[in-house]
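In: got a structure for you, letters missing:
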C-alpha cells in the first residue's frame, strides 16, 4: 500500500506525516522507519521510530532510492511501514519522471507487506500516476 500526501511547500505535509507515524507507533506499536532529507524533524518523532537522514547516503535518482528502500526492508523482517518525507529532495529527480519508481514501490509494498507513506511537494497539478495513491 502506498499513500501520498501531495501539495505545495508549506502546506503541512511533514507535520501530518510525522503525526501519522507517531499515532501508528503509539496505537499499534508499529515497527517503522522515517526517512527525511535532513535531521531537522528527528526529535518530533517517537523514539522507537527508526530515523534515517537520507543525505548521509548520497542518493541521486530513483534507482538509487528504490535500492535504498529495498535495503532498509531487507534488514528488518518485521518492518510494517516506511514514512518518506520530502521525496523530491531525497530523490533529486523531476516528478514527471518518477512513474516507474512508483510502479516499483507499489509492487515492493505489496510483495513485502510494507506500507509506504510519502510526502511530495510540488507546485504542479498531480500527475496521473500518483492520483490512485493520494490521501
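Out: Nice, thanks for sending it over. Because the structure is predicted, anything quoted here is derived from the model rather than measured.

In: Next up, the contacts around the spatially most central residue of the chain.
Out: What sits nearest the mean C-alpha location of the chain, by C-alpha atoms, centre = their mean, is residue 84, with 2.0 Å. For residue 84, the contact set (C-beta atoms under 8 Å, 6 or more residues apart in numbering) comprises 35, 90, 116, 117, 118, 119. Just so you know, the C-beta spots here come from the backbone N, C-alpha and C atoms, and that holds for glycine as well.

In: in what helix or strand does the second one lie?
Out: To tie it back to what came earlier, the one meant is residue 90. In this structure, residue 90 sits in helix 87-91 according to DSSP states H and E.

In: need the next SSE after that helix, C-terminal direction.
Out: Downstream of helix 87-91, the first helix or strand assigned by DSSP H and E is helix 99-112.

In: just to revisit the earlier point, any chance of the contacts of residue 84 in JSON lines with secondary structure, distance to residue 61 and neighbour count as columns?
Out: JSON lines is the format used below for those (DSSP: H, G, I helix; E, B strand; the rest coil; distance: C-beta to C-beta, whole Å; neighbours: other C-beta atoms under 10 Å):
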{"residue": "35", "secondary structure": "strand", "distance to residue 61": "15", "neighbour count": "23"}
{"residue": "90", "secondary structure": "helix", "distance to residue 61": "10", "neighbour count": "21"}
{"residue": "116", "secondary structure": "strand", "distance to residue 61": "18", "neighbour count": "19"}
{"residue": "117", "secondary structure": "strand", "distance to residue 61": "21", "neighbour count": "23"}
{"residue": "118", "secondary structure": "strand", "distance to residue 61": "16", "neighbour count": "24"}
{"residue": "119", "secondary structure": "strand", "distance to residue 61": "19", "neighbour count": "24"}
